[in-house]
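# Below are the sequence and a predicted model; questions follow.
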Amino acid sequence: MSSTTDSAPQGKAVETPAAPPRRHRPSFELAFVRTLFVKYGMVLVLILLALVANGLYSGFLTSANLNNVVGQVAPTAIVAVGMTYVIISGGFDLSVGAVFAGGAVLYADLSNKMPLTAAFALTVVIGILAGIFNGAVITGLNVNPFIATLASASLFSGAVYLYANSAPIQSTVAVFTDMGSGKWGGVWIATYILIGLLIVGGLVLARTPYGRSIYAVGGNLEAARLAGMRVKLVKISAFAIASSCAAIGGMIVASQTGVGQANIGPTVTLDAIAIVIIGGTSLMGGEGAMWRTVIGLLMWGTISNVFNSLALDTSSQLLMQGAILLVAVSLDAIARRSRK
């Protein structure tokens, strides 16, 4: 009897399968540099930008000038704090400029009718309601955030003009300007408010279950829903945070000027989005951090300060800001591809 075996027939050589070609792997050093650039590239850009700014304007790095830089950008930066939540959650809010103007008008008007603390609190509540409206329309009717907030921006803006009767509202309260123009220890009060919101907003995003849910919803909405998260409530809350921050920013501007005006918000929306994106938070959602928004606002403040010190005309500033935003969005796209 013959037995079957797994050996090759006699007289024939056993063919060894060719080894698959080795894929080239980048060296550890190259991979480290690439990771460093992807994660902290904007920090390096900020350092380079500060050095260039100091070369163009020798007084840039003085404490007095840096204090003014942060104080000037504080209202828009506060809007960017809320916008960070919306963008990480996978949303987009074009209505914050209208809420910003509404906060200024409402705060100035209410300051003549009630204590400032009550006027401040009521204005924040109105801002929260505006954000809840946006979130409810987007999640309840399944409307694209871009379209929904574009429509609500027009709606809110019209309501603000009607409320103000298309005229500036003057506050008659002597201490009305303290929040926007006052200082504690040589630092603008508005800067303290900004720092407080950045710290609280950053800790909530990075250290709480709610913050993790913001990332989860923005990263993969369906997976977050299947995991049992209340995705609609999370998205609505993100828009509420954005609108409340916009209202606070508007109140600071009103306090700086002493009047509330309905026409102060047109550029605020794009500026806030630019601050968030320049810092490195992804427009696609699910990625970003509050410290990145800090980097973005420092870059934006540096650029604005240099423009003002060089007395550049408005058209040149718009061209430069548009180019910078385009570069930032392009770097975001490159970074996302490199991570794949």
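Looks like it arrived, so ask away.
# can you give me the strands for the stretch 51-200 of the chain?
169-170, 183-184, 187-188 (DSSP state E, counting those that start in this stretch).
# wait, isn't residue 256 in contact with residue 182?
No. Residue 256 is beyond contact range of residue 182, at 10.0 Å (criterion: C-beta atoms under 8 Å). For every residue, glycine as well, the C-beta is placed using N, CA and C.
# The two: which has the busier surroundings?
When neighbours are counted by other C-beta atoms under 10 Å, residue 256 and residue 182 differ, and residue 256 comes out ahead with 20 against 13.
# so which strand or helix has the more buried one?
helix 231-257 (DSSP states H and E).
# by contact count, what packs against that helix?
Using 3 or more C-beta pairs under 8 Å, 6 or more residues apart in numbering; DSSP states H and E as the contact test, the elements touching helix 231-257 are helix 63-88, helix 96-110, helix 116-140, helix 178-181, helix 189-207, helix 209-219, helix 221-226.
# want to try TSV for these, with mean pLDDT as columns?
Putting the helices and strands packed on helix 231-257 into TSV (pLDDT from 0 to 100) gives the following:
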stretch	mean pLDDT
helix 63-88	93
helix 96-110	96
helix 116-140	96
helix 178-181	92
helix 189-207	96
helix 209-219	95
helix 221-226	91
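# out of the ones you listed, which comes closest to residue 245?
helix 63-88 (3.1 Å; C-beta to C-beta).
# what angle separates that closest one from helix 189-207?
Interaxial angle of helix 63-88 relative to helix 189-207 (axes from the mean of the first three to the mean of the last three C-alpha atoms, to 10 degrees): 40 degrees.
# Name the residues of helix 63-88 that come out as buried.
Counting neighbours by 16 or more other C-beta atoms under 10 Å, one finds that the buried residues in helix 63-88 are 66, 68-88.
# quick one, it and helix 96-110 angle?
Using the same axes, to 10 degrees: helix 63-88 against helix 96-110 is 120 degrees.
# Which neighbouring elements make contact with helix 63-88?
helix 96-110, strand 187-188, helix 189-207, helix 209-219, helix 231-257, helix 268-279, helix 290-309.
# Tell me which of the ones you listed sits most buried.
helix 96-110 (a mean of 29; mean count of other C-beta atoms under 10 Å).
# Could you check how far that helix is from the centre of its chain?
20 Å (C-alpha atoms, centre = their mean, to the nearest Å).
# Next, the angle from that helix to helix 268-279.
130 degrees.
# Give me the angle between helix 96-110 and helix 116-140.
150 degrees.
# one step back: and of the helices and strands packed on helix 63-88, who's closest to residue 159?
Across those (criterion: C-beta to C-beta), the nearest stretch is helix 96-110, sitting at 7.3 Å.
# Which elements pack onto that closest one?
Using 3+ C-beta pairs under 8 Å, 6+ apart: helix 96-110 touches helix 63-88, helix 116-140, helix 145-164, strand 169-170, helix 231-257, strand 259-260, helix 268-279.
# Could you export these as a markdown table, including distance to residue 193?
Output for the helices and strands packed on helix 96-110, formatted as a markdown table (distance: least, C-beta to C-beta, whole Å):
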| stretch | distance to residue 193 |
| --- | --- |
| helix 63-88 | 7 |
| helix 116-140 | 11 |
| helix 145-164 | 22 |
| strand 169-170 | 22 |
| helix 231-257 | 7 |
| strand 259-260 | 18 |
| helix 268-279 | 16 |
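# Next up, the contacts around the residue lying closest to residue 194 once chain neighbours are set aside.
Closest residue to residue 194 apart from its sequence neighbours, by C-beta to C-beta, 6 or more residues apart in numbering: residue 74 at 4.5 Å. Residue 74 makes contact with 188, 190-191, 193-194, 249, 252, according to C-beta atoms under 8 Å, 6 or more residues apart in numbering.
# Relative to residue 263, which of the residues you listed is nearest.
residue 249 (15.3 Å).
# Now do the contacts for that closest one.
Contacts of residue 249 by C-beta under 8 Å, 6+ apart are 74-79, 100, 103, 268.
# Noted, bye for now.
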